[in-house]
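Q: give me a model of this one.
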Amino acid sequence: LQAMYVSKEKRLAYLIQSDITETFEEEQRRNNELAAALREAKKANQAKRSFLSNMSHEIRTPLNGVKGMLDLIQLDPKSPNVPEYLDKACISAKYLAGLINDILDMSKIESGKLVLHDEWMRFDDLEKYIDAIISPQAAERNHTFSIRFVDFSTAWSIYGDSNRLKQICINILSNSVKYTPDGGKISVCISLRQMRERDADFYFEFKDNGMGMSKEFLQHAFEPFVQESAKLAKKGSGLGLSIVKSLIEKMDSSIEVDSTLGQGTKISFLLTVPVRMYSEENEDEADNVINKEVSYKGKRVLIAEDNEINMVIAVEQFKTFGLEVESAENGKIALEMFEKSSIGYYDCIFMDIMMPVMDGFEATKNIRSLERADSESVPIVAMTANAFAEDVQKSLENGLNYHLSKPFDREQLEKVLEKAFKGE
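A: Residues are numbered from 1 along each chain as shown. Below is the predicted model:
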């Protein structure tokens, strides 16, 4: 009995010791995980702090360009240099808009709210767009720039998000322009890899003989807020490749990078998309072609906008299409103007969303509830700085037909006008 008692004591002591050991090891594992998570969090916060510091500089630089050029024009409006000042102000403004779009895109990507909007698009439209954006940049650096299409016609159309595919190409090529020394070579080659009955594989390859990336940095090249050196941080936001990777993955593909420090970089991806030949296309694809002579003479629009500068810009842009334009300072005035007008007097209403007295959503709901023949049929377009997919959805849910995000250009405005007047 004594031997049995001692044996039980030993077994109990062993179990207690094993339990303590397991508890200690589990505690150590948790502590190690917490320490690793803390290090990663500190690293991420440091990267974001560096990014915000860089972005402060990046945003102020083009902003200073816009303000500085306008100041020069104000000082001497009759100066022969005014056209040059205006061109430089426009270039700075476009660069600033690009930086802001990068930040917004990154926000949408991180929150999982990035949505693709597919449509038929022609390769020759993509070619013209790339050439128009990149060729002038390359010429300034004396780069040799080329675009090649292999084994298919640029008149073919593919079905995908045209704007996002253009953004992918421009982001990659803009990096090549920035990081390739003067007199370098930059090329784009899009080739047909495999053709099936309804879809095809297209291989996109971008090459340059620029600065390249180190092997150590390559594994971090697609991380947001990360750049290889502080010197490179001054060249951009550091979000371009991260956005590219996310967009390509959203298109069910993956990106590959081959780069050598001091020798250059090759970036490529394979895109599988529905495709159709030129002979299969129809007139609906004219939506992708900008008709600079388009006119809507005789059509009348009402613009509700509380910002005086934005109103001036909108009115003058609309007038270039031959439109008759009337304006309202807020939603309440727009509602009253529509209510007092005759049936069919306004062909379309453009409604800012955030306005004093009555916002765009409330004004639209009130217009839709009026007992008159055109209250439900008149097209109403959200004209707002809110640009996320959820903002577009919210506009539709509140009775608006279309969504035009500020700042908008002539091409975007024309597409919305065409849809509104066609009732699409």
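Q: which outside residues touch the longest strand anywhere in the chain?
A: In the chain, assigned by DSSP state E, the strand with the most residues is strand 264-276. Applying Cβ atoms under 8 Å, 6 or more residues apart in numbering, the contact partners of strand 264-276 are 120, 156-160, 165, 172, 176, 179-180, 193, 195, 198-210, 212-213, 248, 251-259. Using the backbone N, CA and C atoms, a C-beta is placed for each residue, glycine as well.
Q: how about 7 Å then?
A: 156-160, 172, 193, 198-210, 212-213, 248, 251, 253-259 (Cβ atoms under 7 Å, 6 or more residues apart in numbering).
Q: and the strand or helix carrying residue 128, what does it pack onto?
A: In the assignment (DSSP states H and E), residue 128 maps to helix 123-140. Judged by 3 or more Cβ pairs under 7 Å, 6 or more residues apart in numbering; DSSP states H and E, helix 123-140 is in contact with strand 144-150, helix 162-179.
Q: helix or strand right after the longest one?
A: Scanning forward in sequence from helix 162-179, with DSSP H and E defining helices and strands, the next element found is strand 185-195.
Q: show residues contacting that next one.
A: Outside strand 185-195, the residues within contact range by Cβ under 7 Å, 6+ apart are 130, 138, 143-152, 173, 176-177, 180, 200-209, 270.
Q: sorry, back to before: could I get the helices and strands packed on helix 123-140 as CSV with mean pLDDT and distance to residue 418?
A: Formatted as CSV, the helices and strands packed on helix 123-140 follow (pLDDT from 0 to 100; distance: least, Cβ to Cβ, whole Å):
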stretch, mean pLDDT, distance to residue 418
strand 144-150, 95, 29
helix 162-179, 89, 16
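Q: in CSV: those, plus distance to residue 309 and mean neighbour count.
A: Shown next, in CSV, are these (distance: least, Cβ to Cβ, whole Å; neighbours: other Cβ atoms under 10 Å):
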stretch, distance to residue 309, mean neighbour count
strand 144-150, 37, 15
helix 162-179, 26, 20
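Q: any idea which of those gets closest to residue 90?
A: Residue 90 sits nearest to helix 162-179 of all the helices and strands packed on helix 123-140, at 17.4 Å, using Cβ to Cβ.
Q: coming back round to it: pLDDT on the longest strand of the chain, on average?
A: If you average the pLDDT over strand 264-276, you get 95.
Q: got the angle for it vs strand 185-195?
A: Angle of strand 264-276 versus strand 185-195, following axes from the mean of the first three to the mean of the last three Cα atoms, to 10 degrees, is 40 degrees.
Q: now strand 264-276: buried residues?
A: Within strand 264-276, the residues that qualify as buried are 264-265, 267-273, 275-276, counting by 16 or more other Cβ atoms under 10 Å.
Q: ok, stretch 208-215 next?
A: Those would be 208-213, for stretch 208-215 by 16+ other Cβ under 10 Å.
Q: so what touches the helix holding residue 128?
A: 145, 147, 149, 154-156, 165-166, 169-170, 173, 177, 186, 188, 288.
Q: which residues of the stretch 101-250 of the chain score low on pLDDT?
A: Scanning the stretch 101-250 of the chain with the threshold set as pLDDT under 70 gives 106-108, 110-111, 113, 224-239.
Q: from residue 378, how far out is residue 398?
A: 15 Å (Cβ to Cβ, to the nearest Å).
Q: cool, and residue 319?
A: Counting by Cβ to Cβ - residue 319 and residue 378 are separated by 20 Å.
Q: neighbour-wise, which of those two wins?
A: Using other Cβ atoms under 10 Å as the criterion, residue 319 and residue 378 rank with residue 378 on top: 23 against 11.
Q: what pLDDT is listed against the more buried one?
A: 95.
Q: for it, what are its contacts?
A: Residue 378 touches 346, 349, counting by Cβ under 7 Å, 6+ apart.
Q: can I take it that it is in a strand?
A: No. Going by DSSP: H, G, I helix; E, B strand; the rest coil, the assignment for residue 378 is coil, not a strand.
Q: quick one, what contacts the closest residue to residue 297 other than its chain neighbours?
A: Spatial nearest neighbour of residue 297, excluding adjacent residues (Cβ to Cβ, 6 or more residues apart in numbering): residue 322 at 3.7 Å. Contact partners of residue 322, counting by Cβ under 7 Å, 6+ apart, are 295-297.
Q: so residue 322, which state does it fall into?
A: coil.
Q: what's the separation between it and residue 334?
A: Taking Cβ to Cβ, one finds residue 322 at 22 Å from residue 334.
Q: next: residue 349.
A: 7 Å.
Q: shared neighbours of these two, anything?
A: Common neighbours of residue 349 and residue 334 (Cβ under 7 Å, 6+ apart) are residue 302.
Q: gap between residue 276 and residue 125?
A: 14 Å.
Q: go on, residue 412?
A: From residue 412 to residue 125 the distance is 15 Å (Cβ to Cβ).
Q: and the two? Which one has more around it.
A: For residue 412 versus residue 125, neighbours defined as other Cβ under 10 Å are more numerous around residue 125 (17 against 14).
Q: follow-up on the earlier one: out of the buried residues of stretch 208-215, which two sit at the greatest distance?
A: 209 and 213 (13.3 Å).
Q: before we move on, the earlier item: can you lay out the buried residues of stretch 208-215 as JSON lines showing secondary structure?
A: Output for the buried residues of stretch 208-215, formatted as JSON lines (three-state DSSP):
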{"residue": "208", "secondary structure": "strand"}
{"residue": "209", "secondary structure": "coil"}
{"residue": "210", "secondary structure": "coil"}
{"residue": "211", "secondary structure": "coil"}
{"residue": "212", "secondary structure": "coil"}
{"residue": "213", "secondary structure": "coil"}
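Q: tell me who's in contact with residue 172.
A: By Cβ under 7 Å, 6+ apart, the neighbours of residue 172 are 206, 244, 267.
Q: could the residues you listed be laid out in TSV, adding distance to residue 66?
A: Below are the contacts of residue 172 laid out as TSV (distance: Cβ to Cβ, whole Å):
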residue	distance to residue 66
206	30
244	27
267	32
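Q: for residue 344, which non-adjacent residue is closest in space?
A: residue 374 (5.6 Å).
Q: secondary structure class for the one you found?
A: Put simply, residue 374 is coil when judged by three-state DSSP.
Q: for the chain, just list every one of the strands.
A: Under DSSP E, the chain gives strands at 119-122, 144-150, 157-160, 185-195, 199-208, 255-260, 264-276, 300-304, 324-328, 348-351, 380-384, 402-405.
Q: wait, which of the ones you listed is closest to residue 30?
A: Nearest of the strands of the chain (Cβ to Cβ): strand 255-260, 36.0 Å.
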